[in-house]
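**Q** Need coordinates for the following:
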Amino acid sequence: MIDYRVDEDGIATLAWNVADRPMNVLNAASILAFGEAVQRAIADAAVKGVIVTSSRPEFVAGGDLALLGAIKTAQESMATSGPISRILRDLERCGKPFVAAINGTALGGGFELCLACHRRIAADNPKAQFGLPEVSLGLLPAAGGTQRLPRMIGIQQALPFLTEGRKVAPAAALAAGLVDEVVPADQLLVRAKQWLLAEGPRSAIRPWDAKGFKFPGGTVQTPAVQQLFAAIGGGVLNKTQGLYPAIEAILASVHDGCQVDLDTGLKIEQRQFARLSTSATTKNMIRTLFYSIGAANALAERPRDVPSMRYSKIAVIGAGMMGAGLAYVAARAGLPVVLLDVSLDAAEKGKSYAAKSMDAQVAKGRLTAQARDQTLSLITASADFSTLKDCELVIEAVFESREVKVEVIRKAEQFLSDSAIFATNTSTLPISSLAEFSSRPQQYVGMHFFSPVERMPLVEVIRGKQTSDRTIALAMDLVKQLRMTPIIVNDCRSFYCNRAFALFPYEAMAMLDEGVNPILIENAARMAGMPMSPLALVDEFSIELMYKTLQAAKADLGESYVRQPQDPVLEKMIEQFDRVGKKSGRGFYDHPAGGKKQLWPGLAQHFPVADEQPDVDEVRKRMMYVQSVEAARCVAEGIVSARNADVGSILAWGFPAALGGAISQIDTIGAARFVAECDRLAALHGPRFAVPPQLREMAARGARYLDDIPS
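**A** So this is what the prediction gives:
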């Protein structure tokens, strides 16, 4: 775990080398080994100073989250996080100088280790990242990070790193005061030893352990610091609606811990960590954001017997907003792409989408003009289907019309190689029904991207009835090459994400039609943690589009189509009022040019508000539970796995990570309680709240969809 050696000058080197893990992490075994190495160096009279470094490319990537799997009580939390905190306190008070020679990434507990050392020297490694990102998983730094960083760089400078989880490269870390020096990588250990021999003996006491220590930039009581606490606290509450306790716990740790001595501050930090580590919110976030999304990014469900594919050229047919975005994403990933449309002008217009996006980045200094031009050179605009002949995969992203898509399939397949894959980007049309028009349905797959593609990380890889394992595997390989996250979904109308997500705005429209105040609807959704309120959201992606989807479903299903509660609202908004959404300035909101949107006053006339209104919790439940019920149906029907259902709900439509996803919400509430509430809602509002038999059976035996985080 820790390579230990002492040289002839009395300098000990403790090099992290957790060989049984993919990278160096803090876990029970490595913490014990590090503690023993620290005590050995302290006790050895021949040791004058200590270098803490790594034998691996990274320094220490952070704590092993599996440690949290066994934590059920505050006492267990203190027993888990306490040892490393005590080791670091011994290290900084022992009287011998310790220097962190940071050769690579140091995050979370790994960076807290560096903070405890008497000096931090970083290698000039552009791939390295330093920071305390625990907040992104619902945690706080529990090895002194909330106490040492404010004492080192000041409370005002430290709070953004702690509450936002900022990660920075070596140069930025030096500028912020997180490290003391940045040196060439081949000089790292030499410089660390130089410092220990020349300056270390005078620097073996940390400033906060010396008499007369003063916080850089002022104490907690300083007016500017107090104002910052108030601003962050208010902003966080407005943004998170109290669903994410980690930032509140970090603020409490810093505020209270920085008014007392360090040892007392560390105890405060430990107690706040115990509060978080035992919470359902934290476990939900870790399970989905770390384990489930990590498994999806690692292609855990990819068919194993198919060799991996690294693409050298692909094509996108259709240069509208979606197709143009796909071409940009491919080029941004370094992949040559043909962007094909009915005319060269249309294709060039699609290519200009990438140019405009990158021009904005160049103007802000985030991208060089040379890098922009190099990326643009990878996009070939074309109106000639013969340019598809050497493309390994083609993505069709044309208008959402079965007739148009079928025509494109037939034209494209004339020029594709025998091994090439044809993918369709559709949001509703079943893949199997489109594959009927393909000459090789086993090489036909759905790849459902979300708009805007360059900002939405998820891709549903949709398996049709005849789609082969090879096709699924190679489609997932492309998603990974595009630096996006794939989930496998089986075929059905609207697939998983659109099917489950649509219930959110649909329920809002149903309530609007019932006479629920639209202001209550919008505020209840925000309070539930949804990133955008439902009526505003429908305006953003177009009421007209939802209306056209409704018409397409009617045409496809014919007499079997069953009218839904949202249908009258969509029909009124389009057919009677011509309010199509934000693009026209007229939707559920008025969108004045250059002004702030406001709910359309006509809503009160055409959808009168009832005298008696439901309470906000009931409105929230209806919008949140209906999403989980549909997700549960998709799981029961074998459309998607429970784990992927959570991943999709968070990455595709912003379901609150605090709840772990649409399926984890059921586990968090408890299946029996959730089913009972849905039965009540179904009796009041209809079968859209009826739970599938699988969930009812789970409730009867006290089961859950997903295990807790592994221990």
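
**Q** Going by C-alpha atoms from here, please, whenever you check contacts or count neighbours.
**A** Will do.

**Q** Can you tell me how far the closest residue to T549 other than its chain neighbours is from P534?
**A** Closest residue in space to T549, ignoring its immediate chain neighbours: T428 at 7.9 Å, by CA to CA, 6 or more residues apart in numbering. Remark: distance between T428 and P534 (CA to CA, to the nearest Å) = 20 Å.

**Q** Compare neighbour counts for the two and give me the winner.
**A** P534 (26 against 18; other CA atoms under 10 Å).

**Q** what residues are up against that one?
**A** Taking CA atoms under 8 Å, 6 or more residues apart in numbering, we find P534 in contact with F504, P505, A508, I521, E522, A525.

**Q** Which of the three states applies to the residue nearest to T549?
**A** Remark: T428 carries the secondary structure label coil [criterion: DSSP: H, G, I helix; E, B strand; the rest coil].

**Q** again with A66
**A** Counting by three-state DSSP, the backbone at A66 sits in helix.

**Q** That one contacts I709, correct?
**A** Yes - at 7.0 Å, A66 and I709 qualify as touching, with contact defined as CA atoms under 8 Å.

**Q** Mind checking which of these two has more residues around it?
**A** Taking neighbours as other CA under 10 Å, A66 and I709 compare with I709 leading, 20 against 14.

**Q** The more buried one is in contact with G69, isn't it?
**A** Yes - contact criterion CA under 8 Å: I709 and G69 qualify, at 5.1 Å.

**Q** So what's the residue count around L107?
**A** Neighbour tally, L107, other CA under 10 Å: 28.

**Q** What are the phi and psi values at it?
**A** phi -130, psi 150 (degrees, to the nearest 10).

**Q** Who are the contact partners of L429?
**A** Counting by CA under 8 Å, 6+ apart, L429 has contacts E400, R402, R493, S494.

**Q** was I right about A101 contacting V52?
**A** Yes - between A101 and V52 there is a contact under CA under 8 Å: 5.9 Å.

**Q** Compare those two (neighbour count), which wins?
**A** A101 (30 against 25).

**Q** pretty sure the more buried one belongs to a strand, no?
**A** Yes - counting by three-state DSSP, A101 is part of a strand.

**Q** So what pairs up with it in the strands?
**A** Residues in a beta bridge with A101, per DSSP bridges, are I121.

**Q** That one: what's it in contact with?
**A** I51, V52, T53, R120, I121, A122, A123, L188, L189, A192.

**Q** repeat that with 7 Å
**A** I51, V52, T53, R120, I121, A122, L188, L189, A192 (CA atoms under 7 Å, 6 or more residues apart in numbering).

**Q** What of A397?
**A** V316, I317, G318, M322, G323, T424, N425.

**Q** which among those residues gets closest to M573?
**A** Nearest to M573 among the contacts of A397, counting by CA to CA, is M322 at 25.6 Å.

**Q** Just the element for the closest one, please.
**A** Assessed by DSSP states H and E, M322 sits inside helix 321-332.

**Q** Would you confirm that G265 belongs to a helix?
**A** Yes - the assignment for G265 (three-state DSSP) places it in a helix.

**Q** Read off the pLDDT value for the residue nearest to it when sequence neighbours are not counted.
**A** For G265, ignoring the flanking residues on the chain, the nearest one in space by CA to CA, 6+ apart is G257 at 3.9 Å. Note on G257: pLDDT of 95.

**Q** Also P710?
**A** For P710, pLDDT reads 65.

**Q** For the stretch 1-150 of the chain, just list every one of the strands.
**A** Secondary structure of the stretch 1-150 of the chain by DSSP state E, counting those that start in this stretch: the strands cover 2-6, 11-16, 49-54, 98-102, 106-107, 119-123, 130-131.
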